[in-house]
Structures are given as C-alpha cells and as structure tokens.
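> Pasting the sequence and the predicted coordinates here, then a few questions.
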Amino acid sequence: MNPFYRSVKNIEEAKLLLDTLAEYDLFQLENKIKPDFCNVGGLEVFEGEEWCEWCDEETGDSISDLLRQ
C-alpha cells in the first residue's frame, strides 16, 4: 500500500496528529467500523538530499519516545 504523508509545522503538531490518528484507529476497531489491522506512524525530516527519521538533537528522543510521554 502507498504511505500516507502529511506536512506539519512543528513537533507539537506532529505529536497531536499522530496521537489523533492512533486514537481514531482504536475507536474504529472498538466500534467494529474497521476489522483488526496494523498501522505505523512516524516523523521524517528532509536533510540534505534524503528523508530521515526525526530525533531530538538534544535528547536523542524519537517522535515515538515523545508519544509515550
């Protein structure tokens, strides 16, 4: 399947969007709107000539680490 991408303005917006999409997927599963499925989310930044997984330069945290907080 083709990936779904969405541009965001900052880390806070990325976290909100990823949290919201995850909550919506759970809502659909719990209410039998969508059958069991798997999903992946993340945050990438364009550095130089390629897309790279984002991490906080000060702490080394990934967006997944921030989502767990």
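Great, that's in hand.

> ok, residue 4 to residue 17 distance?
For residue 4, the distance to residue 17 (C-beta to C-beta, to the nearest Å) stands at 11 Å. C-beta coordinates here come from the backbone N, C-alpha and C atoms, glycine included.

> Neighbour count: these two, which is higher?
Neighbours around residue 4 and residue 17, counted as other C-beta atoms under 10 Å, are more numerous at residue 17. The numbers are 14 against 8.

> got a pLDDT number for the more buried one?
The per-residue pLDDT reported for residue 17 equals 94.

> From the chain's centroid, how far away is the longest helix belonging to the chain?
Using DSSP state H to define each element, the chain has its longest helix at helix 11-30. For helix 11-30, the separation from the chain centroid amounts to 8 Å (computed by C-alpha atoms, centre = their mean, to the nearest Å).

> List the contacts of that helix.
Among residues not part of helix 11-30, those counted as contacts by C-beta atoms under 8 Å, 6 or more residues apart in numbering are 6, 8, 33-37, 39, 41-43, 54, 63, 66-67.

> If we go by neighbour counts, what in it is buried?
Within helix 11-30, the residues scored as buried using 16 or more other C-beta atoms under 10 Å are 14-15, 18, 25.

> Now that helix - C-alpha only, CSV.
Once non-C-alpha atoms are left out, helix 11-30 reads as follows in CSV (Å, rounded to 0.1, in the frame of the first residue of the first chain):
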residue,chain,number,x,y,z
ILE,A,11,6.9,18.7,16.6
GLU,A,12,3.9,19.6,18.7
GLU,A,13,1.6,19.5,15.6
ALA,A,14,3.2,16.1,14.5
LYS,A,15,2.6,14.7,18.0
LEU,A,16,-1.0,15.8,18.0
LEU,A,17,-1.7,14.4,14.6
LEU,A,18,-0.1,11.0,15.4
ASP,A,19,-1.9,10.8,18.7
THR,A,20,-5.2,11.7,17.0
LEU,A,21,-4.8,9.2,14.2
ALA,A,22,-3.9,6.4,16.7
GLU,A,23,-7.0,7.2,18.8
TYR,A,24,-9.2,7.3,15.8
ASP,A,25,-7.9,3.8,14.7
LEU,A,26,-8.7,2.4,18.1
PHE,A,27,-12.2,4.0,18.1
GLN,A,28,-12.9,2.3,14.7
LEU,A,29,-11.6,-1.0,15.9
GLU,A,30,-13.5,-0.9,19.2
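
> Good, wrapping up.
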